[in-house]
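In: Attaching a predicted model along with its sequence, questions to come.
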Amino acid sequence: DGLAQVPSLRQANALAIQTDGKIVVAGFSLTGDTNLALARFNSNGSLDTTFDADGIAILVLPNNQDLFDIAIQPDGKIVVGGNTGTNDLDQDFLVVRFNANGTPDASFGPTGTGVIQTSFNAGDSLGSIALQTDGKIVAGGYTKTAGINFDFALMRITATGSLDTTFDTDGKLTTSIREQDLL
C-alpha cells in the first residue's frame, strides 16, 4: 500500500518506471494550493529516500498545478507535464524537469527553476509529453479558442528548456479540428 505512505501526494495521474525498476509517480498535493508532487518508490514498493531525502518531491509555484504525464530521460532526469493557472479558463501548459535526485533542474528553463510555462490562449490543457531521441521534448494537449472551440496544441522544447524555434517558427503550433472537418 505504497501510496498510503505518501501523505502529501493527493492524486497520482502519471507513472513511469526507470531502467533500474524504480517507480516514479506524478500528480498533485494539497499543501495550501494545489502543488506539483512526485514520489519515487523502490521496486519493492517502499519509498526511495534517496529521492528528495524522503521519497517525495513537492514544488510550490504560483497558482494551482496538476501533472498529467511523465517521462524519464536516458540520463535519469524526470520530465513532467501538466497545467498551471487559477482556474480552467486561465490555464497554461507546464513542463518541469527534475534531476534524478528529485530536485528541480536549474539548467532547464528560462529562469533557472526547471519550469517552463507556455500560453496558447486563455484555457490550455497539456495532456501528454514525449521525448525525442535528440533530447527535445514535445508536449501536446488542447487550447480553447473563441466560444467553446478546442484546437490541438503542440509545443517543442529544446534539451535546455527553451521553446524550439525550428518548430513552427516559435516552438508552438495549434491545429483547428472541428466536427465539420470530420465529415
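Out: Nice, thanks for sending it over.
In: Need the per-residue pLDDT for the spatially most central residue of the chain.
Out: For the chain, the residue nearest the mean C-alpha position is residue 81 (1.3 Å; Cα atoms, centre = their mean). Looking at residue 81, its pLDDT reads 89.
In: can you pull the contacts of it?
Out: For residue 81, the contacting residues are 67-70, 93-96, 126, 128-129, 139, by Cβ atoms under 8 Å, 6 or more residues apart in numbering. (C-beta placed from N, C-alpha, C; glycine too.)
In: which residues of this protein score low on pLDDT?
Out: Scanning the chain for pLDDT under 70 picks out 1-10, 30-34, 64-65, 86-90, 112-113, 122, 145-148, 178-183.
In: all strands for it, in order.
Out: Counting by DSSP state E, the chain has strands at residues 11-17, 23-31, 33-41, 56-59, 64-72, 78-87, 90-98, 115-118, 123-131, 137-144, 150-157, 172-176.
In: Sheet partners, orientation included, of the fourth one?
Out: To tie it back to what came earlier, the one meant is strand 56-59. strand 33-41 (antiparallel) (DSSP bridges).
In: Could I have the CA atoms of the partner strand written out in PDB?
Out: Only the C-alpha atoms of strand 33-41 are listed here, as PDB (Å, rounded to 0.1, in the frame of the first residue of the first chain):
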ATOM      1  CA  ASP A  33      -2.800  25.500  -3.100                       C
ATOM      2  CA  THR A  34      -2.600  22.500  -5.400                       C
ATOM      3  CA  ASN A  35       1.200  21.900  -6.000                       C
ATOM      4  CA  LEU A  36       3.300  19.600  -8.100                       C
ATOM      5  CA  ALA A  37       4.100  16.300  -6.400                       C
ATOM      6  CA  LEU A  38       6.400  13.500  -7.300                       C
ATOM      7  CA  ALA A  39       7.100  10.300  -5.400                       C
ATOM      8  CA  ARG A  40       9.700   7.600  -6.200                       C
ATOM      9  CA  PHE A  41       9.400   4.000  -5.000                       C
END
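In: Pull out the buried positions in it.
Out: By neighbour count on 16 or more other Cβ atoms under 10 Å, the buried set for strand 33-41 is 34-41.
In: now swap in stretch 66-75 and tell me
Out: For stretch 66-75, a neighbour-count test (16+ other Cβ under 10 Å) marks 66-72 as buried.
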